[in-house]
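Student: Quick check, what structure comes out for this input:
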Amino acid sequence: MLKCLSFTIVKILYLTLFLIGCSTGAEKNDFELNGQFQEPNLTSEDVYKIDVHDDNVFVGTSSGFKVFDASTMENLGHFKKNSSVRTFIVVEADFWLISVAYPDGSEENAIFKSQNQGLEWENYTNNYGEGHSGVRQAVPGVMDYSKTTAGLVLFARSFSLLNMNRSKDKGQSWEVVAGSWENGTIGTTRFVKIDENNSDNIWTGGAGSFFTPHLVKSKDGGNEWEFVETLENTENFVYDVSIKNGASEQILLAMNGVILKSTDFGDSWGTAYSASKEFYSFSRSINDPNIIYASGISASGQLFILASNDFGDTWVLNEFPDGPTEIF
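Tutor: Residues are numbered from 1 along each chain as shown. I've put the predicted structure just below:
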């Protein structure tokens, strides 16, 4: 049986990375990563999501929503202090959306919006999860958005029910476009990700109720959804996906023990990297969108970062024996 994981980060750390001898194009990876971890004063809570927007770092934690200065990591604000904020989106300075849950039941779970950088908050749940009273299920566990000619489109799923919800009017109203609240499939949702190349392509995944890999895609903006077969007859999670810059048909999957790659939009998969490690997340280089990082922990709990400049055909492994442990 696959061990049950708490999908949290014990501490927030940031790593200054330096690329040495970085090759380009289709050449084989020949660069190294060197850097130093620094730990800001945020060690007493679990961290669920981190995002950088403009000059700020936004963090959803088990003790509320926090905002830091990206250069100094000075705490600029702490909102909804007694809540759990698993997910949020920051579109611009006048549109922050956070998903707020109160595990102790002290207040009602809700979505909140701020249009003045956290000075004031408006309950913006609207009809999301209407009629569903499950604890920590009636608010999003993951969210993503796209800007279209018609306006801002939002997608959201709860943490433990595998239905998909869409808003075409910037969160003023919601519709269920896959599954249902009444008879929702129980599982674990890890992500929803909209293709930057084409906002009609949407991927979401995690694990089903029996720890089976769960991966679903839409090719028409969320109207129709298709289950994607990854690893057959196995217990595993799909922790994250990465979509190649400029090539939507090429996809990477981060899973337990393996990174899978598809070159045909998920119709077939091959092994891009295999090791006794758990691959939790992908990240794209800010300086070069063709450089992809994969991070996670080894069997001994040691942090590592893989780097590839050919979208997973070759990888450079960087382990940090002096780095933090017990971090997801």
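Student: Need phi/psi at the residue most central in space within the chain.
Tutor: In the chain, the C-alpha nearest the mean C-alpha coordinate belongs to Phe191, at 4.6 Å (C-alpha atoms, centre = their mean). Note on Phe191: backbone dihedrals following degrees, to the nearest 10 are phi -160, psi 160.
Student: ok, now which ones touch it?
Tutor: Val142, Trp203, Thr204, Gly205, Gly206, Tyr239, Asp240, Val241 (C-beta atoms under 8 Å, 6 or more residues apart in numbering). Yep, even glycine has a C-beta here, placed from its N, CA and C like the rest.
Student: which among those residues gets closest to Leu303?
Tutor: Nearest to Leu303 among the contacts of Phe191, counting by C-beta to C-beta, is Tyr239 at 14.9 Å.
Student: I figured the closest one hits Ser281, correct?
Tutor: Yes: in this structure Tyr239 lies within contact range of Ser281 using C-beta atoms under 8 Å: 6.6 Å.
Student: Look at the two and report which has more neighbours.
Tutor: More crowded of Tyr239 and Ser281, by other C-beta atoms under 10 Å: Tyr239, with 25 against 15.
Student: any idea how far the more buried one is from Gly206?
Tutor: 8 Å (C-beta to C-beta, to the nearest Å).
Student: residues shared between the contacts of these two?
Tutor: Counting by C-beta under 8 Å, 6+ apart, the contacts common to Tyr239 and Gly206 are Arg190, Phe191.
Student: Just the C-alpha atoms of stretch 60-80, please, in CSV.
Tutor: Extracted in CSV, the C-alpha atoms of stretch 60-80 (Å, rounded to 0.1, in the frame of the first residue of the first chain):
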residue,chain,number,x,y,z
GLY,A,60,-0.8,29.9,1.5
THR,A,61,-0.2,28.2,4.9
SER,A,62,-1.9,26.3,7.7
SER,A,63,-2.1,29.7,9.6
GLY,A,64,-3.5,31.9,6.9
PHE,A,65,-2.3,33.8,3.8
LYS,A,66,1.0,35.6,3.9
VAL,A,67,2.8,38.1,1.7
PHE,A,68,6.5,38.8,1.7
ASP,A,69,8.9,41.2,0.0
ALA,A,70,10.7,39.1,-2.7
SER,A,71,14.1,40.7,-2.1
THR,A,72,14.2,40.8,1.7
MET,A,73,11.5,38.3,2.7
GLU,A,74,10.1,40.9,5.0
ASN,A,75,6.5,40.0,6.1
LEU,A,76,4.2,42.5,4.4
GLY,A,77,0.9,41.0,5.6
HIS,A,78,-0.8,38.1,7.3
PHE,A,79,-4.4,37.5,6.5
LYS,A,80,-7.1,35.1,7.8
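Student: I'm done for today, thanks for sticking with me.
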